[in-house]
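Peer 1: Sequence plus the predicted model coming up.
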Amino acid sequence: MEVTAYRLLYDNIHDFKTTAMHVESEIARHGILSRSEDAVPGMKGRRHQDMWVSMKTVSHFNLGIALELMLKLLLHLNKISPTAVLRGKEGHFLAKLHDAIPRKYPAQLESTFQASRSVFSEGFELIAFINASSPTPPSSPQDRDISSLREFFEYFDEDMKWWEKRYSWELIDRGQWRHYLSDISVFVELINRVMRDVERY
């Protein structure tokens with residue numbers, strides 16, 4: 001990879017992450033709640049839950065891109081083509097990119113992830129919404145064991161479908177679960193730690 005391309009990729013990772021952080025800070029600044037139907041003060045009648053979902057959609061899409069680019073950077077540093085890894089696949093697959101990283105580095109990534117989690121003792125909550133007109137309650141979202149970074153990448157890919165977040169308005173009429181994290185700080189910390197020590201990869 002040329003130096004100019006490397007610099008741009010490095011900067012993009014930080015800037016997509018920063019965009020996600022900024023949106024999250026706005027959610028906190030306005031006190032926007034995920035489970036309230038009340039109007040948000042000063043927001044021209046926008047309701048808490050609608051605004052929370054919309055802003056989380058933007059946050060998670062940008063976070064997903066930052067994570068995807070981070071993994072692609074690690075592959076490039078090991079002279080592995082991300083395009084070849086994902087050939088024939090639709091969507092953006094964090095787990096597939098993770099699995100293509102040379103064997104010694106996933107353990108290093110996992111250690112960095114667990115260290116990032118230890119910084120935030122309160123962790124975060126997985127939140128799911130569904131819109132369904134049927135009187136029959138929809139089945140619950142899939143119950144996942146999410147303790148490792150690889151399992152979180154599967155959750156991002158298969159449940160959250162982060163790359164489809166920009167189309168989440170289309171999913172409402174389909175009665176599909178829409179998944180979110182109450183707090184993205186652990187993943188922001190992960191990106192910061194990996195990028196700070198990227199030469200180790």
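Peer 2: Done, it's in. Residues are numbered from 1 along each chain as shown.
Peer 1: Which residues outside the worst-scoring helix or strand of the chain on mean pLDDT are in contact with it?
Peer 2: Least confident element among the helices and strands of the chain, by mean pLDDT, DSSP states H and E: helix 168-171 (a mean of 71). The contact list for helix 168-171 (Cβ atoms under 8 Å, 6 or more residues apart in numbering) reads 53, 57, 164, 178. Where C-beta positions appear, they are placed from N, C-alpha and C, glycine not excepted.
Peer 1: moving C-terminal of it, what's the next helix or strand?
Peer 2: Counting by DSSP states H and E, the next helix or strand C-terminal to helix 168-171 is strand 178-181.
Peer 1: For that following strand, which strands pair with it and how are they oriented?
Peer 2: strand 126-129 (antiparallel) (DSSP bridges).
Peer 1: what is the mean pLDDT for the strand it pairs with?
Peer 2: Across strand 126-129, the average pLDDT comes to 86.
Peer 1: and the spatially most central residue of the chain, what is it in contact with?
Peer 2: The centre of the chain sits closest to Gly64, judged by Cα atoms, centre = their mean, with a distance of 3.9 Å. Neighbouring residues of Gly64 by Cβ under 8 Å, 6+ apart: 92, 94, 156, 160, 162-163, 165.
Peer 1: Gln142 now?
Peer 2: Residues in contact with Gln142 (Cβ under 8 Å, 6+ apart) are Asp159.
Peer 1: what separates Gln114 from Trp52, distance-wise?
Peer 2: 29 Å (Cβ to Cβ, to the nearest Å).
Peer 1: quick one, which of those two is more surrounded?
Peer 2: Shown here are Gln114 and Trp52; by other Cβ atoms under 10 Å, Trp52 has more neighbours (23 against 14).
Peer 1: what about the more buried one, which helix or strand?
Peer 2: helix 48-77.
Peer 1: same deal with Ala95?
Peer 2: Going by DSSP H and E, Ala95 is part of helix 94-100.
Peer 1: Do me a favour and get the backbone dihedrals for Ser36.
Peer 2: phi -120, psi 140 (degrees, to the nearest 10).
Peer 1: So what's the residue count around it?
Peer 2: 14.
Peer 1: show me the contacts for it.
Peer 2: 47-49.
Peer 1: who wins for most neighbours among these?
Peer 2: Busiest of these [other Cβ under 10 Å] is His48, holding 19 neighbours.
Peer 1: any idea of the pLDDT on that one?
Peer 2: pLDDT recorded at His48 is 95.
Peer 1: Leaving out the residues flanking it, which one is nearest to it?
Peer 2: Ser36 (3.7 Å; Cβ to Cβ, 6 or more residues apart in numbering).
Peer 1: pLDDT below threshold where in the chain?
Peer 2: Within the chain, the stretches with pLDDT under 70 are 88-92, 131-141, 171-172.
Peer 1: Tell me the spacing between Ile184 and Ser81.
Peer 2: Using Cβ to Cβ, we find Ile184 at a distance of 29 Å from Ser81.
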